[in-house]
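Asks: Show me the folded form of this:
(chains A and B)
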Amino acid sequence: MRKIASFTGLSSAYFLLMNGSAFAYLDPGTGSMILQGIIGGALTVSVVVSGYYYRLKGWLSGRKNAGQDSKDGGE
Amino acid sequence: MQRIAGSFRDPSGHVFNSNDSIFRTINPTASKNYEAFRSSSVVSLLQERGDLIEFEEVPSTDWPEQAAGASYLLRHPKLPYISYPYEWSFSQLKSAALLHLSIQLRLLKDNLVLSDASAYNVQFIGHSPIFIDILSIRMYQDGEYWGAHRQFCEQFLNPLLLRSLLGVAHNSWFRGALEGIPTADLAKLIPTRKKLSIKLFMHVLMQAKFEQRAIQNPDTALAEVKSGRKLNKAGYQGLLQQMHNWISRLEPAGSKNTVWGTYANANTYSSDESQKKREIIAEFAEKHRPNMLVDVGCNSGDFSIAAIKGGAKYVVGFDFDQTALEVAFARSRSDALPYLPLWLDASNPSPSQGWLQTERQGFGKRTRADAMIALAFEHHLAIAKNVPLDQVLSWLTSMAPVGIIEFVPKEDPTVRKMLSLREDIFPDYTVDEFDNQLSRVSKITDRKVISSSGRTLFFYDRTVLQ
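Replies: All right, here's what the predicted structure looks like:
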């Protein structure tokens, strides 16, 4: 589900990109920021959906605090 | 108190070295961020987990003159050994990456973030990664991007992918590039069949393309970033979580059989001899009780662990073989040992490098121990790399005042194999010459023959006047 959501947005963006290389004075993180602007929406959806998923899972298993604060980042 | 050369980049403060502690100044521009962090619940949580370096504020009445003008002065405990990401095995880099992400995820809950993603901000105490840079913690601003995403990719993700997708260890490239593996470079190496992964497509291929496009049309790219959609907090969290899930599943490709991987089990002396050697190392450690012992050529950690059992308080091991290091690190982790195995090409150790060639210290400057062992090692320099014996011995003995060095004679099957396809240009490679050269730089306190082929352990002591 998450994969499909990200893929739809990304595949359209990919074909707009161009090739070539040149040097310019620019913050090296610019590419990463453009990327985040595009995938941010899809990631928000995935977080909201996984939030509901864990809540539902918690409710079904009778555990209220499923998925809280684990050391390995499974938050 | 001496300023650490690597801390020049951050205007928020500086790091200083003293005999028994590390000090960190926090300048007025960074004090609000520090105060927000200090008053949050995340400090104690991270410290209880052992994820964050301990710190205490030094009262201004006790400040040295170098701290003048700062808002705060923090004292940190000194770490046993500073290591760099290009000296870590795959699993060590992976555990450092996961620590960085789990700290970010936890900080975000308290509206805090990490301002950068430098792998050098993670160090190891034995098997455990620990985050050391308090100054890179700052307040989260609504809608901000994960500003360190590019850096995270270059310093953590890309080196891990290099090994995981292509089976190439990150160490040599990272050591050369120092700031990690550029996304644009990695993108060029990804085989077509691997390009179908969504995450790879996003974080490597797309990022590289956007970077390239931004370089071609910088004004358009800047306008796009400024006017573009902001990343909300859930999106930020999603990005971190996605990266965490991805990295936690990465494993090295084709890592089962490296050249020396099975060496510890398939070596050329019997297990009785190996057991005897472990006992000797444990006795040596018991006698000297070193706070720090280095094991040069540690392989999968057998003798490092013997030294710890004997009484060495902390051991740093070095080896060239990636699989052996993985095994050693796994043993350290599973038994919670004070043992840090690191990657080292002994014929070309980590140099002093970076800005002014002082930013990252070389192996020689960092590696000073109370005791050292180099077992089944010297022939890899003296025979395989043609390093003269006297240089091998003065290099090894320079690391610690006392130690044990094993001599492997030409009659030993290992050396015979090494010489089987090449001319023997080592007429002086004999036990007598070894003895003679070691006596020039130290006092030999004992000799023990430990194999039928004539392998001999030489005990040296540089502190005894000759």
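Asks: which residues of chain A score low on pLDDT?
Replies: A:1-25, A:63-75 (pLDDT under 70).
Asks: what does chain B give?
Replies: For chain B, the ranges with pLDDT under 70 are B:255-270, B:465-466.
Asks: mind running it again at 80?
Replies: Chain B contains residues with pLDDT under 80 at B:7, B:228-229, B:254-270, B:465-466.
Asks: For beta bridges, what are the partners of residue B:374?
Replies: Beta bridges link residue B:374 to residue B:405, judged by DSSP bridges.
Asks: what's near enough to touch it?
Replies: Contact analysis of residue B:374 by C-beta atoms under 8 Å, 6 or more residues apart in numbering or on different chains lists B:295-297, B:396, B:403-406. C-beta: built from backbone N, CA, C; applies to glycine.
Asks: let's go with 7 Å and repeat that
Replies: Residue B:374 sits next to B:296-297, B:396, B:405-406 when contact means C-beta atoms under 7 Å, 6 or more residues apart in numbering or on different chains.
Asks: repeat for residue B:20
Replies: residue B:78.
Asks: Output the contacts of residue B:374 as TSV; include the columns distance to residue B:453.
Replies: Converted to TSV, the contacts of residue B:374 look like this (distance: C-beta to C-beta, whole Å):
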residue	distance to residue B:453
B:296	21
B:297	18
B:396	21
B:405	17
B:406	12
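Asks: Same list (the residues you listed) but as TSV, adding neighbour count.
Replies: Shown next, in TSV, are the contacts of residue B:374 (neighbours: other C-beta atoms under 10 Å in any protein chain shown):
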residue	neighbour count
B:296	26
B:297	25
B:396	25
B:405	24
B:406	21
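Asks: name the helices or strands packed onto the lengthiest helix in chain A?
Replies: Longest helix of chain A, by residue count under DSSP state H: helix A:30-61. Under the contact criterion of 3 or more C-beta pairs under 7 Å, 6 or more residues apart in numbering or on different chains; DSSP states H and E, helix A:30-61 touches helix A:2-14, helix B:149-152, helix B:207-216, helix B:218-227, helix B:233-248.
Asks: separation between the residue nearest to residue B:15 when sequence neighbours are not counted and residue B:380?
Replies: Of all residues not flanking residue B:15 in the chain, residue B:7 sits nearest, at 3.9 Å (C-beta to C-beta, 6 or more residues apart in numbering or on different chains). According to C-beta to C-beta, to the nearest Å, residue B:7 and residue B:380 sit 36 Å apart.
Asks: ok, which residues in the stretch 1-150 of chain B are in contact with chain A?
Replies: B:49, B:98, B:101-102, B:105, B:145-147, B:149-150 (C-beta under 7 Å from any C-beta of the partner chain).
Asks: hang on, I meant the stretch 201-350 of chain B
Replies: B:201-202, B:206-207, B:209-216, B:218, B:221-222, B:224-225, B:228-229, B:231-232, B:234-235, B:237-239, B:242, B:244, B:248.
Asks: ok, 6 Å please
Replies: Within the stretch 201-350 of chain B, the positions adjacent to chain A are B:202, B:206-207, B:209-211, B:213-216, B:218, B:221, B:224-225, B:228-229, B:231-232, B:234-235, B:237-239, B:244 by C-beta under 6 Å from any C-beta of the partner chain.
Asks: residues in contact with the residue of chain B positioned farthest from its centre?
Replies: Distance from the C-alpha centroid of chain B, by C-alpha atoms, centre = their mean, peaks at residue B:227 (40.7 Å). Listed by C-beta atoms under 6 Å, 6 or more residues apart in numbering or on different chains, the contact set of residue B:227 is empty.
Asks: For residue B:142, grab the count of nearby residues.
Replies: 9 (other C-beta atoms under 10 Å in any protein chain shown).
Asks: scratch that, residue B:333 is what I was asking about
Replies: Using other C-beta under 10 Å, residue B:333 has 16 other residues around it.
Asks: Beyond the helix or strand where it lies, next helix or strand please.
Replies: Element membership of residue B:333 [criterion: DSSP states H and E] is helix B:322-334. Once the chain leaves helix B:322-334, the next helix or strand it forms, by DSSP H and E, is strand B:339-343.
Asks: Tell me the helices and strands packed up against that next one.
Replies: With contacts defined as 3 or more C-beta pairs under 6 Å, 6 or more residues apart in numbering or on different chains; DSSP states H and E, the packing partners of strand B:339-343 are strand B:315-319, helix B:322-334.
Asks: Now residue B:8: closest residue in space, sequence neighbours ignored.
Replies: Distances taken as C-beta to C-beta, 6+ apart place residue B:355 nearest to residue B:8, at 6.8 Å, with adjacent residues excluded.
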